[in-house]
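>>> only geometry, no sequence info:
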């Protein structure tokens, strides 16, 4: 198996292993400039006595957002320089260190929400995303009318089918399963994951309207079409990059330098994962474990939106999914190396990103368990 940390073709700054570099000093200087701008340290002080009560409240909110943003930026700068090493270096090792730092902050934020009551937790989320509504987010139930042919409908004879196919979740399914294929890189494991999640939707459809789907929507449109398309193109991407070597170091001049710099945006090589779940009972349990963690992530995505009334298109939901995609790539790699190492699991250390991903998934479950009773209590008899 080719190593992910093959540094051939990378610029010298990336190839060298050292603690103090000119790049680190540049990052510190840039970080200091960003911190000065974000904190407003050089701005003249504002005379709060001349502000009205409403203006004073808004000024304090603005200062608090600036303080939080500056704190996050400072921690991410530290993570970029001193974060834990990973098995991945493209596009740059600092990128994966920053993702690790962002996920640590997300873990701490979840612990903070865990200590709040539901109303205060929603207030915190609304402070971060002011466009959140106080009312519960409207969710669509897809299984109320499962007819394919609707001749009485004035708009279309296939109104239900048309509305379902044109729903935003169709594109989300394809993109989501494309990303999952990039992460897991195993067709059998992906199909087990896909079928298991549909069974999970059936199990929890009495809680979540989004899970209440028609049989043809769940098994034909979702599994057989959208998920299959995402898995296919994801695995084709893995196959395209597998074994590819972007070593342009032999080229001279400015053009060659530009090409070498751009080459770091693409992986030197991408390996498909040979999980081999049937090779032994232990390996089967190891593969089942990662599928279970993925299912917990999926369920948390819907339950957290449901508990805190966050619409799918809200920036908080998009940021969470982006963070999970970033950490899942390196965490899955670390877990795969851990269970397939020739030295055995007893002498191989599970990577910090894998530990972090498992911890965040569990804390998300705790947050959901604490805050979901309020929403479940408002559920009518028709949803049980």
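Structure's in. What do you need? Just so it is clear, the structure is predicted and the values come from calculations on it, not from any experiment. Numbers count the residues shown, from 1 in each chain.
>>> how much space between residue 63 and residue 277?
53 Å (CB to CB, to the nearest Å). Every C-beta, even on glycine, is put in place using the N, C-alpha and C of the backbone.
>>> more crowded one of the two?
Per other CB atoms under 10 Å, whichever of residue 63 and residue 277 has more neighbours is residue 277, with 17 against 13.
>>> wait, the more buried one touches residue 188, no?
Yes - using CB atoms under 8 Å, residue 277 makes contact with residue 188 at a distance of 7.2 Å.
>>> okay, now the unreliable bits of the stretch 201-350 of the chain?
243-270 (pLDDT under 70).
>>> could I get the full set of helices for it?
215-216, 228-241, 253-263, 281-308, 315-340 (DSSP state H, counting those that start in this stretch).
>>> just give me the neighbour total for residue 353.
Neighbours of residue 353 (other CB under 10 Å): 28.
>>> dump the residue contacts of it.
Residues in contact with residue 353, defined by CB atoms under 8 Å, 6 or more residues apart in numbering, are 84, 86, 96, 100, 103, 327, 330-331, 334.
>>> in JSON lines: the helices of the stretch 201-350 of the chain, plus distance to residue 367.
Listed next are these as JSON lines, based on distance: least, CB to CB, whole Å:
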{"stretch": "helix 215-216", "distance to residue 367": "32"}
{"stretch": "helix 228-241", "distance to residue 367": "28"}
{"stretch": "helix 253-263", "distance to residue 367": "41"}
{"stretch": "helix 281-308", "distance to residue 367": "7"}
{"stretch": "helix 315-340", "distance to residue 367": "12"}
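>>> of all those, which one is nearest residue 54?
helix 315-340 (25.0 Å; CB to CB).
>>> between the helix or strand following that closest one and helix 281-308, how big is the angle?
Sequence order places helix 352-377 as the next helix or strand after helix 315-340, per DSSP states H and E. Angle of helix 352-377 versus helix 281-308, following axes from the mean of the first three to the mean of the last three CA atoms, to 10 degrees, is 50 degrees.
>>> state the mean pLDDT of helix 352-377.
The average pLDDT within helix 352-377 is 87.
>>> what residues of it count as buried?
Across helix 352-377, burial judged by 16 or more other CB atoms under 10 Å covers 352-354, 356-358, 360-361, 363-364, 367-368, 370-372, 375.
>>> run the chain-centre distance for the host helix or strand of residue 63.
In this structure, residue 63 sits in helix 53-82 according to DSSP H and E. Counting by CA atoms, centre = their mean, to the nearest Å, helix 53-82 is centred 23 Å from the centre of its parent chain.
>>> residues near the nearest residue to residue 156 once chain neighbours are set aside, how many?
Excluding its sequence neighbours, the residue lying closest to residue 156 (CB to CB, 6 or more residues apart in numbering) is residue 162, at 5.2 Å. Counted by other CB under 10 Å, the residues lying close to residue 162 total 14.
>>> then residue 339?
The burial count for residue 339: 19, using other CB under 10 Å.
>>> distance-wise, check it relative to residue 271.
Taken as CB to CB, the span from residue 339 to residue 271 is 15 Å.
>>> next: residue 91.
Residue 91 sits 18 Å away from residue 271, going by CB to CB.
>>> which residues are in contact with the most centrally placed residue in the chain?
The centroid of the chain falls nearest to residue 324 when counting by CA atoms, centre = their mean (2.2 Å). Listed by CB under 8 Å, 6+ apart, the contact set of residue 324 reads 297, 357.
>>> how close does it get to residue 214?
From residue 324 to residue 214 the distance is 28 Å (CB to CB).
>>> and if you look at residue 282?
40 Å.
>>> try residue 271
Distance from residue 271 to residue 214, by CB to CB: 39 Å.
>>> ok, residue 357 next?
From residue 357 to residue 214 the distance is 33 Å (CB to CB).
>>> repeat for residue 165
12 Å.
>>> and the contacts of stretch 175-182?
Contacts for stretch 175-182 (CB under 8 Å, 6+ apart): 190, 193-194, 226-227, 229-231, 233-235, 237-238, 294, 325, 329.
>>> mind listing what's buried along it?
Counting neighbours by 16+ other CB under 10 Å, stretch 175-182 gives 176-182 as buried.
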